[in-house]
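# sequence below, structure please.
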Amino acid sequence: MGRNDDNNNIIRNARKKSKIQNENKTKENFTKEEDNNYLEDLEKNNLENINFQDDDLDNEEESSSEYFESKSNKNNKKKIYIGILCFMVLIGVIYFATRRYDNLVYPNITLYNENVSKLNKDELNEKVAVVYNDINNNKIVVKIDNKNYEIKVKDIIQRIDKNKTKNEIINYGKNKFFLEQFGLICLNVKKNYNFNIKINNNEIEKKVSKIFKDTSIEAIEPTLNFNEEKIEVVSGKSGKCIDENDLKNKIIDAVNTDKIADKNIVFKEEYKIIKPKINEKDLKVVKDKISTATTYFGGTGYNRGLNIANAASKIDKTLLMPGEEFSYEDKVSPVELYNGYYLAPVIVNGTHKNAPGGGVCQVSTTLYNAELKAGILPTERHNHSKAISYVQRGLDATLATGSKNLRFKNPYKYPIYIHAYTYGGQITVEFWSNKSVLGGKKYTPVSFVKRNVANVYLYGYNSKGELIYNKFVDTSIYR
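Down below sits the predicted model:
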């Protein structure tokens, strides 16, 4: 730019000098016409001079621009080469930094929160073995009040796949692109591993069930009892127990989480109260005998009498709440010698033979008749294969364990209490409830027998003795 300024100054001075000379010539020597001609020539020369100088200036500017542009391009290329070189060096550094971990565990990797980062395969094997042994030797302690119950972890674990976990740890991130690997290393991304453990659920069930049974106290339901021919309410009592399912789930969760690696996992269990299912107020309405039935067995044998008394004691004091079903088999079974029964004659396929419990069918028959007289129809009932002597045909009810049973439901809104007892060679079964359940009716079962077939109906009579209820019960066929 300095050279351009000098050229401009030269041009300006030349113009100024030429102007002065022209003015002098005009005054001294030339005529007006000559002056005009001279001025025209001078102006022409000056214009050519100026054009020449302008062209010079343009050429100088173009030459300067090309010089600087060339220099700038060289600088840019140099920067690009340096950038590429730096990038290649950086990539090399990253690549070799990741290769350093080819046989090592990545940083910030844990096993059950135990640091295993930067370990080689042998070191990792040792660490895995230590954690594996610690877990197997651990115990789960269940504290209930002042009692401690210990469960060995190795007893409730079926298998620990430590090799799979070890391989996952050492190979973590190794299958990724090396830039991704470098990111995992530099960012210090934390990853925790646990063993793949297969739990022995059956063993956990056994352990927890044992603890539950040992610590639980069952609720005592209120019931009814006779006191000098009067029925009275016997109060119940609340029980307590631990939450069996909750404890089982806690143990399973502990095995599947980091807790299993802790030394002696402790669970402090609290009891929950078990209230009786029956409300005492519901029992206070039971105060009336609504039916009774009696059969005789006096001369049928000593063992048979003992069996009848034993079966009667098992159904005595039975309380049936509204809608509840009674099962005679459930009450008196198993009919075996170890359950208080003796060998006595029974009917099997139409013939008599000695077997444990001979006589229990007389108790079920007596119960069946008391049931019908209370206006209750059976949900299951079977007759003997041969007619018996202590009731009319069609009014008997037999028991064959596993195949034939006597069952019925309480159809009333009040509870039913069954009182059964033996005395003087006879068995009596009574049904107690509230007299309102009968609706003023008296029920009588009637059997119509023709040869070996008996059809039974249940009749209901009002206080005037009028038949107001007539219901077919069932048909019995005998050999």
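# can you list the domain ranges for this protein.
2-97, 109-239, 285-477 (automatic domain parsing).
# where do the strands sit along the stretch 351-479 of the chain?
Per DSSP state E, counting those that start in this stretch, the stretch 351-479 of the chain carries strands over the ranges 351-356, 407-409, 416-423, 426-433, 442-450, 453-461, 467-477.
# for those, which one sits closest to residue 199?
strand 407-409 (41.3 Å; CB to CB). Placement of C-beta: from N, CA and C, glycine included.
# give the other helices and strands that that closest one contacts.
If contacts are counted by 3 or more CB pairs under 8 Å, 6 or more residues apart in numbering; DSSP states H and E, strand 407-409 sits against strand 325-327.
# list the helices and strands the helix or strand following the strand it packs on packs on?
Going down the chain from strand 325-327, the next helix or strand is helix 328-332, by DSSP states H and E. Judged by 3+ CB pairs under 8 Å, 6+ apart, helix 328-332 is in contact with helix 302-315, helix 360-373.
# give me the buried positions along the first one.
It refers to helix 302-315. Using 16 or more other CB atoms under 10 Å as the test for burial, helix 302-315 gives 303-312, 314-315.
# okay, the domains of the chain, which one's buried deepest?
Most buried of the domains of the chain by mean neighbour count (mean count of other CB atoms under 10 Å) is domain 285-477; its value is a mean of 17.
# now render the buried residues of helix 302-315 as JSON lines, adding pLDDT and distance to residue 466.
Listed next are those as JSON lines, based on pLDDT from 0 to 100; distance: CB to CB, whole Å:
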{"residue": "303", "pLDDT": "93", "distance to residue 466": "46"}
{"residue": "304", "pLDDT": "94", "distance to residue 466": "41"}
{"residue": "305", "pLDDT": "94", "distance to residue 466": "41"}
{"residue": "306", "pLDDT": "95", "distance to residue 466": "44"}
{"residue": "307", "pLDDT": "96", "distance to residue 466": "42"}
{"residue": "308", "pLDDT": "97", "distance to residue 466": "37"}
{"residue": "309", "pLDDT": "96", "distance to residue 466": "40"}
{"residue": "310", "pLDDT": "97", "distance to residue 466": "42"}
{"residue": "311", "pLDDT": "98", "distance to residue 466": "38"}
{"residue": "312", "pLDDT": "97", "distance to residue 466": "35"}
{"residue": "314", "pLDDT": "98", "distance to residue 466": "39"}
{"residue": "315", "pLDDT": "98", "distance to residue 466": "34"}
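# from those residues, pick the one nearest residue 80.
Closest approach between the buried residues of helix 302-315 and residue 80, by CB to CB: residue 314, at 103.3 Å.
# thinking again about what came up before, tell me which of the strands of the stretch 351-479 of the chain approaches residue 98 most closely.
strand 407-409 (77.4 Å).
# contacts for that closest one?
Contact with strand 407-409 is made by 320, 323-328, 371, 376-381, as judged by CB atoms under 8 Å, 6 or more residues apart in numbering.
# what is the most widely separated pair among those?
So, these by CB to CB: farthest apart are 323 and 381, at 19.3 Å.
# wait, what's in contact with residue 358?
301, 303-304, 307, 342-346.
# can we see that at 7 Å?
303-304, 307, 344-346 (CB atoms under 7 Å, 6 or more residues apart in numbering).
# swap in residue 463?
residue 440.
# mind checking how far it is from residue 446?
Applying CB to CB, to the nearest Å, the value for residue 463 to residue 446 is 19 Å.
# check residue 145 too.
Counting by CB to CB - residue 145 and residue 446 are separated by 61 Å.
# swap in residue 336?
37 Å.
# on that earlier part again, now distance to residue 118 too, for the helices and strands packed on helix 328-332, in JSON lines please.
Output for the helices and strands packed on helix 328-332, formatted as JSON lines (distance: least, CB to CB, whole Å):
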{"stretch": "helix 302-315", "distance to residue 118": "74"}
{"stretch": "helix 360-373", "distance to residue 118": "79"}
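# out of those, flag the one nearest residue 267.
Among the helices and strands packed on helix 328-332, the nearest to residue 267 by CB to CB is helix 302-315 (40.7 Å).
# contacting residues around the closest one?
With contacts defined as CB under 7 Å, 6+ apart, helix 302-315 is touched by 297, 331-332, 340-345, 357-360, 362-363, 367, 418, 420-422, 427.
# got the contact list for whichever helix or strand comes after it?
Using DSSP H and E, the next helix or strand after helix 302-315 towards the C-terminus is strand 318-320. Strand 318-320 is contacted from outside by 223-224, 326, 331, 410, 415-418, using CB under 7 Å, 6+ apart.
# one more: stretch 321-339?
278, 311, 314-315, 318, 320, 341, 356-357, 360, 364, 367, 379, 399, 401, 405-410, 412-415.
# does residue 446 touch residue 459 like I think?
Yes: at 5.8 Å, residue 446 and residue 459 qualify as touching, with contact defined as CB atoms under 7 Å.
# give me the pLDDT value at the nearest residue to residue 162 once chain neighbours are set aside.
Nearest residue to residue 162, sequence neighbours excluded (CB to CB, 6 or more residues apart in numbering): residue 132, at 5.0 Å. With respect to pLDDT, residue 132 has a value of 91.
# kindly format the C-alpha coordinates of the helix or strand containing residue 132 as PDB.
In this assignment (DSSP H and E), residue 132 forms part of helix 121-137. Only the C-alpha atoms of helix 121-137 are listed here, as PDB (Å, rounded to 0.1, in the frame of the first residue of the first chain):
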ATOM      1  CA  LYS A 121      -7.400 -64.100  34.500                       C
ATOM      2  CA  ASP A 122      -5.500 -65.800  37.300                       C
ATOM      3  CA  GLU A 123      -6.200 -63.100  39.800                       C
ATOM      4  CA  LEU A 124      -9.900 -63.000  38.800                       C
ATOM      5  CA  ASN A 125     -10.100 -66.800  39.300                       C
ATOM      6  CA  GLU A 126      -8.800 -66.400  42.800                       C
ATOM      7  CA  LYS A 127     -11.200 -63.600  43.600                       C
ATOM      8  CA  VAL A 128     -14.200 -65.500  42.200                       C
ATOM      9  CA  ALA A 129     -13.300 -68.500  44.300                       C
ATOM     10  CA  VAL A 130     -13.100 -66.500  47.500                       C
ATOM     11  CA  VAL A 131     -16.600 -64.900  46.900                       C
ATOM     12  CA  TYR A 132     -18.000 -68.300  45.900                       C
ATOM     13  CA  ASN A 133     -16.800 -69.900  49.100                       C
ATOM     14  CA  ASP A 134     -18.000 -66.900  51.200                       C
ATOM     15  CA  ILE A 135     -21.500 -67.300  49.800                       C
ATOM     16  CA  ASN A 136     -21.600 -71.000  50.400                       C
ATOM     17  CA  ASN A 137     -20.500 -70.600  54.000                       C
END
